[in-house]
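[1] After the sequence you'll find the predicted model.
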Amino acid sequence: MKKIAFLLILSLFISCDSDKKKNETTEQNSEQKNEQPNILLIVIDDQGYADFSPFDNYDTYDTTVSSPNIARLGKSGTVYSQAYVTAPVCSPSRAGIITGKNQFRWDKPASWGPGLPDDIKTLPEYLKEAGYHTARIGKNDLGQNFHKNDVREYPLQHGYDEFLGFSAHAHDYWLNSQSIKDRTPDPYGTSALLGPLMHNMSEKSYDKGYLTDILTDESIDYLKREHDKPFFLTLAYSAVHHLIHEVPKKYLDKYNVKEIANYDPDSLVTFGNHKPGSYSAYYDKYSRVGAINTDDLRKYYLANLNCLDDNIGRVLDALSETGLDKNTLVVFISDNGGSPLTGANNAPLTGGKYSLWEGGIRVPMAVSWPGHVDAGKIEKRYVSALDILPTLTKAAGIATTDKDLDGISLLDPKEERLLVWKWQKTWAARQGKWKITNAKENHWKSEPSAQYIAPIRDDLTLKLFDIEADPGERHDVSAQHPEIVKKLQTEYDAWCDANIIK
C-alpha cells in the first residue's frame, strides 16, 4: 500500500509540475506574441520597377540586375507588385510615407517641397510615444528648411531620438569631410550637396569612405547596441540617386565602366550657367545623358544598385547575427519610380520619376515579419506607401484615432479603395482596375536614358486606363468608357473638396 501511495503522490507531483511548465510556456508564448516588434524601414532612392529582383518576372526585362540580398526580403516576406507612393519625386513622397497622409492635403501647390506642419503627426512620434527608441540614418528630405536642425522638418524635431545623415535631395557619395566643404565655394545646394553629415545637433566629418557604406556601418553599430526598449530605425539610403557614376571601383570593374574623377574645387569644370569650379557645375554635368552616354549610364546604375544591395545584405546579416531578425518587422520601399536620367528601368511601365504615369508612382516594396507576414508571396492587390504608418502602428499595438489618415493597414486589406494623386498641374485617381489621369511627362526636357518608355500621348488631356490589363498605359479607353471617366473625376473632386486644407 505504501508503494502504491508513493506512486500516486509522485504521479500527482509530475502532473502538477507538467501543468506548471505548460502554463509557463503558454505565458511565454503569449508574451512573445504580444511583444512589440523592432521595426526597420529601408527607404531607397529612385529604384526602377524592373530593377527589383523579388518580382517574379523582373528578368523578363533585364537579366543584368544583381540584387540577391534585396531578393532575400522577397523570400522571407511579401512583395507588393502594385505598390504606389504619393508623388513621383522624393520630398512629397517621403512626407506621405512618414505621415500616412497625402501631403497635398496641406501642400496646395502640390510642390517639390511640402514641408511638415506642426500639427501633422509622424510615424516616429507615434512609435516614440509607445516606448520605442527611434533613429534615422541617411537621407532626410521633406522639401523645406534644408541643412537646419531647429526646424520641424529636421528628424530630431519630428520624433526621432537620433539622426545621422543629410537634409537635402542628395549628397555626394565620396566627399563627406569638413575639409572639402571648406574648399568648396557652394557646399550648400539642395541636390548638389557635399561635406560632413548632420549628426543630431552637430555634424560628423568623414575623411574617407563611401556614403552607402558609411550609412550601413552606422546602422549596424546602432543595431548592435544594447537596447532596453524596441527600436524603430529608418535607414534612408541615397542610392540609386544621382550622382549615379560615383561607385567603388570593384563595382565599376564588374560592369566594365571607367572611373570618373571626383569633384575637385580647384578644377575649372563648367556646365550651363554655373560658376567655374562650383560643385553645382559638376553635379549637373553628370546628372544627365551627355557627359555619360546612355549605354554607360545603365552600367553605372547597375553598379550603384549592386553596391547598395551588398550593403542591404550586411544589414540583414547583422539582424541575423544579433538574433534581432526573429522579432523585427522590415519594410523596404523606393521613394518613387526610377529616374529617366540615371539608367533605371521601369518596364513595362510608362515614364518614370517626375510624372504620374505608372513608372513614376508604382514602386518596389516588400514587407518581412517572421510569423506574421507570408513568406515568398507576391501580393497583386494595389496598396499605398500611406499604408506603412497604420501597418507599423498596429504592429506596435498603437490605436491611431486620426480620422484623416489616408493609409490603411496592409494586414487589413480593402478592395476597390480610392487612391488619389496631385502633382503640380497633373492629377490621377485609381479605383479598382481603372486609373484616370492627365499625366504629362516632366523630366526637364533632358534626353532620357535608353530604358525610358515614352507615353502614348504627352499632353494634359484626360486619359483612362485599365491598369490590370494594361499596366504600361498603352491604350487610352476614355472614349469607350465615358461613364467611368465621369465617375472617377467626380470621386477625385469630392476627395479634394473634403480633404485639401483651404
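    Cool, got the structure.
[2] Quick one: low-confidence residue ranges for the stretch 1-150 of the chain.
    1-34, 56-62 (pLDDT under 70).
[3] Show me the strands in it, by range?
    Ranges of strands in the stretch 1-150 of the chain, per DSSP state E, counting those that start in this stretch, are 38-44, 78-80, 83-84, 133-140.
[4] Direction included, what does the shortest one pair against?
    Strand pairing for strand 83-84, using DSSP bridges, gives strand 362-363 (antiparallel), strand 383-384 (parallel).
[5] Including mean neighbour count and mean pLDDT, could those go into JSON lines?
    (Each C-beta comes from the backbone N, C-alpha and C, glycine too.) Listed next are those as JSON lines, based on neighbours: other Cβ atoms under 10 Å; pLDDT from 0 to 100:
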{"stretch": "strand 362-363", "mean neighbour count": "26", "mean pLDDT": "98"}
{"stretch": "strand 383-384", "mean neighbour count": "24", "mean pLDDT": "98"}
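[6] can you tell which of the ones you listed is closest to residue 500?
    In terms of Cβ to Cβ, the element of the strands paired with strand 83-84 nearest to residue 500 is strand 383-384, at 17.5 Å.
[7] Other residues contacting that closest one?
    80, 82-86, 365, 406-407, 410, 413, 419 (Cβ atoms under 8 Å, 6 or more residues apart in numbering).
[8] just the angle between the helix or strand just after that strand and strand 38-44, please?
    As assigned by DSSP states H and E, the chain's next helix or strand after strand 383-384 is helix 388-395. If you take axes from the mean of the first three to the mean of the last three Cα atoms, to 10 degrees, helix 388-395 sits at 170 degrees to strand 38-44.
[9] So which bits of the next helix-or-strand element following helix 388-395 are buried?
    Following helix 388-395 in sequence order, the next helix or strand is strand 418-423 (DSSP H and E). Along strand 418-423, these residues count as buried under the neighbour rule (16 or more other Cβ atoms under 10 Å): 419-423.
[10] which other helices and strands contact whichever helix or strand comes after strand 418-423?
    The C-terminal neighbour of strand 418-423 among helices and strands, as given by DSSP H and E, is strand 426-431. On a contact count with 3 or more Cβ pairs under 8 Å, 6 or more residues apart in numbering; DSSP states H and E, strand 426-431 meets strand 418-423, strand 434-437, helix 482-499.
[11] let's go with 10 Å and repeat that
    helix 358-361, strand 418-423, strand 434-437, strand 463-466, helix 482-499 (3 or more Cβ pairs under 10 Å, 6 or more residues apart in numbering; DSSP states H and E).
[12] So what are the sheet partners of that strand and their directions?
    strand 418-423 (antiparallel), strand 434-437 (antiparallel).
[13] before we move on, the earlier item: closest to residue 53 among the contacts of strand 383-384?
    For the contacts of strand 383-384, the nearest to residue 53 is residue 365 (13.4 Å; Cβ to Cβ).
[14] As JSON lines, the buried residues of strand 418-423 with pLDDT would be great.
    Formatted as JSON lines, these follow (pLDDT from 0 to 100):
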{"residue": "419", "pLDDT": "98"}
{"residue": "420", "pLDDT": "98"}
{"residue": "421", "pLDDT": "98"}
{"residue": "422", "pLDDT": "97"}
{"residue": "423", "pLDDT": "96"}
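[15] so which of those comes closest to residue 45?
    When these are compared against residue 45 (criterion: Cβ to Cβ), the nearest one is residue 423, at 17.7 Å.
[16] list the contacts for the closest one?
    86-89, 92-93, 104, 110-112, 354-356, 360-361, 439-440, 442 (Cβ atoms under 10 Å, 6 or more residues apart in numbering).
[17] same check, this time on residue 215
    The contact partners of residue 215, by Cβ under 10 Å, 6+ apart, come to 137-139, 164-165, 197, 209, 235-239, 311, 315.
[18] Same check on residue 227?
    Per Cβ under 10 Å, 6+ apart, neighbours of residue 227: 38, 132-133, 324.
[19] any chance of the residues you listed in JSON lines, with distance to residue 256 and neighbour count too?
    Putting these into JSON lines (distance: Cβ to Cβ, whole Å; neighbours: other Cβ atoms under 10 Å) gives the following:
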{"residue": "38", "distance to residue 256": "40", "neighbour count": "23"}
{"residue": "132", "distance to residue 256": "45", "neighbour count": "24"}
{"residue": "133", "distance to residue 256": "44", "neighbour count": "19"}
{"residue": "324", "distance to residue 256": "38", "neighbour count": "17"}
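[20] Include neighbour count, distance to residue 270 and secondary structure when you put the contacts of residue 215 into JSON lines, please.
    Listed next are the contacts of residue 215 as JSON lines, based on neighbours: other Cβ atoms under 10 Å; distance: Cβ to Cβ, whole Å; DSSP: H, G, I helix; E, B strand; the rest coil:
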{"residue": "137", "neighbour count": "25", "distance to residue 270": "35", "secondary structure": "strand"}
{"residue": "138", "neighbour count": "28", "distance to residue 270": "31", "secondary structure": "strand"}
{"residue": "139", "neighbour count": "27", "distance to residue 270": "28", "secondary structure": "strand"}
{"residue": "164", "neighbour count": "22", "distance to residue 270": "34", "secondary structure": "strand"}
{"residue": "165", "neighbour count": "26", "distance to residue 270": "30", "secondary structure": "strand"}
{"residue": "197", "neighbour count": "21", "distance to residue 270": "28", "secondary structure": "strand"}
{"residue": "209", "neighbour count": "14", "distance to residue 270": "29", "secondary structure": "coil"}
{"residue": "235", "neighbour count": "26", "distance to residue 270": "36", "secondary structure": "strand"}
{"residue": "236", "neighbour count": "23", "distance to residue 270": "32", "secondary structure": "strand"}
{"residue": "237", "neighbour count": "25", "distance to residue 270": "31", "secondary structure": "coil"}
{"residue": "238", "neighbour count": "27", "distance to residue 270": "25", "secondary structure": "coil"}
{"residue": "239", "neighbour count": "26", "distance to residue 270": "27", "secondary structure": "coil"}
{"residue": "311", "neighbour count": "23", "distance to residue 270": "34", "secondary structure": "helix"}
{"residue": "315", "neighbour count": "19", "distance to residue 270": "40", "secondary structure": "helix"}
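[21] about what we covered before: and the contacts of residue 227, which two are the farthest apart?
    Between any two of the contacts of residue 227 (Cβ to Cβ), the greatest distance is 14.0 Å, for 132 and 324.
[22] Need the overlap of contacts for the two.
    38, 227, 231.
[23] Reformat the residues you listed into TSV and put distance to residue 46 next to each item.
    TSV is the format used below for the shared contacts of residue 132 and residue 324 (distance: Cβ to Cβ, whole Å):
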residue	distance to residue 46
38	27
227	32
231	27
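[24] Going by neighbour count, which of the contacts of strand 383-384 are buried?
    Buried among these by 16+ other Cβ under 10 Å: 80, 82-86, 365, 406-407, 410, 419.
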